[in-house]
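Enquirer: the following comprises the amino acid sequence and a computationally predicted model.
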Amino acid sequence: MWRFIVALWFVAASSISLAQDRSVIIAGHLVDIENKRVLENQVIEIANGRITAVRPLDGNRPSGPGVIDLSDMTVLPGLMDSHTHLTSGGEQGYRSLRLSDADKAITGVVSAERTLMAGFTTVRDVGAGGGYPDVALRNAIDAGVIVGPHVLASGPSLGITGGSCDENLLPPKYEHFAAGVGDGPWVVRSNVRRNIKYGVDVIKFCGTGGVLSKGTKLGAQQFTEEEMTALVDEAHMAGLKVAVHAHGTDGINAALRAGVDSVEHASFIDEEGIKLAKRNGTYLSMDVYVSDFILTEGAAAGMLEESLEKEREVGAIQRMSFRRAFERGVKMAYGTDAGIYPHGKNARQFAFMTAHGMSAMDAIEAATLNNANLFGVADDAGSITVGKRADIIAVNEDPLENVRALETVCFVMKDGVTYKNCRISN
């Protein structure tokens, strides 16, 4: 008898799974990011986590189980963030020293869910600890153990001794160095290889000083160009892309000559850097929102006065550089530095990008198709296109008229699974 019951349960479970593998979305307004237009009254058909059809709504309106009615909403591809720190909960300065690897792992679980629920279905995590918590987080999400976006993990950022990617808070007697620190071309290559060994998707290194790193100067180059070239060459041989943290002009230009795929922050980029980025097809990932958070909330989060002073120096300049680079036609990514400010607020940057030169469509393109190309996942994500993953979001207002509508996402689907639908009470 029990075998018969188990068999019935298996058949029923299989039927449920099959039903859940197929769904249909009725989209009142669909942002066609590839053609920079909005389509009205569209039907999106989904099977096994992939988009199988996108067509106009005809006279036969779909109905029944598996139909998701978003006919009064604007539907977009899932958003992407090129610069996050999921295992960071915002504690800065000396307060960060009290955090264990276990604390960071737990933070990552919470941050990942908040990020997905905010409509960001794919993120690049650029800089985690030596225990590779971002790799573990990615693996747990992929295995379905926890909820979160698709994650491209970098593992520990690579840096020079005493540089922006080192740990400079403790006194000399502790002889403490960050996991990715190394000097000289062959040591740098070895550090790239170590990160690859432990499963990273992207390599991130620090090419200049930083705002939040103690004792570093924003404009000072870190790593020689020879070291940068070795690092990028090693990563590219393995098929991995390279992101460089760089505020200062010399470090930006050296990294661009070395062949990096994206420049993070890019605050003091000059005309030479803009020309190099445009010639190389390099993306700029400029976190033009986070300055406001640092200057208003940073002290409460434990940021050093040294860091706040550096942010006062760099914030306005970075925004002018953002406008200039965009107007010159440089490829722009959508990167926020989430983890410095609370996770789940990633969409706040849209308003700052539009305030500094972009249209709403340009900003949405940066957060979808541009990032998909930068990440190397354009065949899978970045637009609502047949064959791509069903990573889809929806908002109540037209984000092309009010880009801040993206700060309140009503519907989130990832891989064909609905994680959020504000029309359905939990």
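Expert: Everything's here; your move.
Enquirer: would you map the helices across the stretch 151-300 of the chain?
Expert: Under the criterion DSSP state H, counting those that start in this stretch, helices of the stretch 151-300 of the chain are mapped to 185-197, 225-237, 249-258, 271-280, 290-297.
Enquirer: Gly209 is nearest to which of those helices?
Expert: helix 249-258 (8.3 Å; CB to CB). C-beta: built from backbone N, CA, C; applies to glycine.
Enquirer: show residues contacting the closest one.
Expert: Defining contact as CB atoms under 8 Å, 6 or more residues apart in numbering, one finds that helix 249-258 is touched by 207-208, 219-225, 228-229, 231-232, 244, 246, 263, 266, 268-270, 272-273, 276-277, 280, 282.
Enquirer: let's see it at 7 Å
Expert: Under the contact criterion CB atoms under 7 Å, 6 or more residues apart in numbering, helix 249-258 has outside partners 207-208, 219, 221-222, 225, 228-229, 232, 244, 246, 263, 266, 268-270, 272-273, 276-277, 280, 282.
Enquirer: buried stuff in it?
Expert: For helix 249-258, a neighbour-count test (16 or more other CB atoms under 10 Å) marks 249-258 as buried.
Enquirer: likewise stretch 107-118?
Expert: Neighbour counts over stretch 107-118 (16+ other CB under 10 Å) mark 107-109, 111-118 as buried.
Enquirer: want to throw the residues you listed into CSV with distance to Ile68?
Expert: As requested, these are exported to CSV (distance: CB to CB, whole Å):
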residue, distance to Ile68
Thr107, 32
Gly108, 29
Val109, 27
Ser111, 27
Ala112, 23
Glu113, 21
Arg114, 23
Thr115, 22
Leu116, 17
Met117, 17
Ala118, 19
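Enquirer: sorry, back to before: go through the helices of the stretch 151-300 of the chain and name the closest to Ala366.
Expert: helix 271-280 (14.4 Å).
Enquirer: can you list the domains in the protein?
Expert: Following the assignment in automatic domain parsing, the chain carries domains at 18-78+382-421, 79-375.
Enquirer: nearest residue to Arg138 other than its sequence neighbours?
Expert: Spatial nearest neighbour of Arg138, chain neighbours left out: Val151 (3.9 Å); criterion: CB to CB, 6 or more residues apart in numbering.
Enquirer: that neighbour: neighbouring residues, count only.
Expert: Using other CB atoms under 10 Å, the number of residues around Val151 comes to 24.
Enquirer: quick one: least confident helix or strand in this structure?
Expert: Among the helices and strands of the chain, helix 2-20 carries the lowest confidence by mean pLDDT, DSSP states H and E, at a mean of 35.
Enquirer: I'd like the next helix or strand past it.
Expert: Elements were assigned by DSSP states H and E; along the chain past helix 2-20, the next helix or strand is strand 22-32.
Enquirer: residues contacting that following strand, please?
Expert: So strand 22-32 is in contact with 38-47, 57, 62, 66-76, 364, 384, 392, 398, 416, going by CB under 7 Å, 6+ apart.
Enquirer: so is the residue nearest in space to the middle of the chain in a helix, a strand, or just coil?
Expert: Nearest residue to the geometric centre of the chain (CA atoms, centre = their mean): Asp81, 2.5 Å. Using DSSP: H, G, I helix; E, B strand; the rest coil, the secondary structure recorded for Asp81 is strand.
Enquirer: can you pull out the strands in the stretch 101-250 of the chain?
Expert: Listed in chain order, the strands of the stretch 101-250 of the chain (DSSP state E, counting those that start in this stretch) span residues 120-125, 150-153, 202-206, 241-246.
Enquirer: for those strands, which one sits closest to Gly335?
Expert: For the strands of the stretch 101-250 of the chain, distance to Gly335 was read as CB to CB. The smallest value, 7.8 Å, belongs to strand 120-125.
Enquirer: each with direction, which strands does the closest one pair with?
Expert: strand 79-84 (parallel), strand 150-153 (parallel) (DSSP bridges).
Enquirer: most tightly surrounded among the strands of the stretch 101-250 of the chain?
Expert: Comparing the strands of the stretch 101-250 of the chain on average neighbours per residue, with mean count of other CB atoms under 10 Å, the densest one is strand 120-125 at a mean of 30.
Enquirer: just to revisit the earlier point, which strand residues bridge the residue nearest to Arg138?
Expert: Bridge pairing for Val151 (DSSP bridges) gives the partners Val123.
Enquirer: so how far is Asp380 from it?
Expert: Look at Val151 and Asp380: by CB to CB, to the nearest Å, they are 14 Å apart.
Enquirer: hang on, isn't Val43 packed against Gly59?
Expert: No. Counting by CB atoms under 7 Å, Gly59 is not a contact partner of Val43; they are 11.9 Å apart.
Enquirer: residues contacting the residue nearest to Arg138?
Expert: 123, 125, 134, 137-138, 141.
Enquirer: could you give the average pLDDT over stretch 158-165?
Expert: For stretch 158-165, mean pLDDT rounds to 87.
Enquirer: try stretch 27-46
Expert: Looking at stretch 27-46 alone, the average pLDDT works out to 97.
Enquirer: chain center to that stretch: distance?
Expert: On the basis of CA atoms, centre = their mean, to the nearest Å, the separation between the geometric centre of stretch 27-46 and that of its chain is 24 Å.
Enquirer: how about stretch 367-382?
Expert: What separates the centre of stretch 367-382 from the centre of its chain is 11 Å, taken as CA atoms, centre = their mean.
Enquirer: may I see the buried residues of that stretch?
Expert: Within stretch 367-382, the residues that qualify as buried by neighbour count (16+ other CB under 10 Å) are 367-372, 374-375, 377-378, 380-382.
Enquirer: tell me how many other residues surround Leu70.
Expert: 24.
Enquirer: now do the helix or strand hosting it against strand 22-32, angle only.
Expert: Here Leu70 is covered by strand 67-77, with elements defined by DSSP H and E. Using axes from the mean of the first three to the mean of the last three CA atoms, to 10 degrees, the inter-axis angle of strand 67-77 relative to strand 22-32 is 40 degrees.
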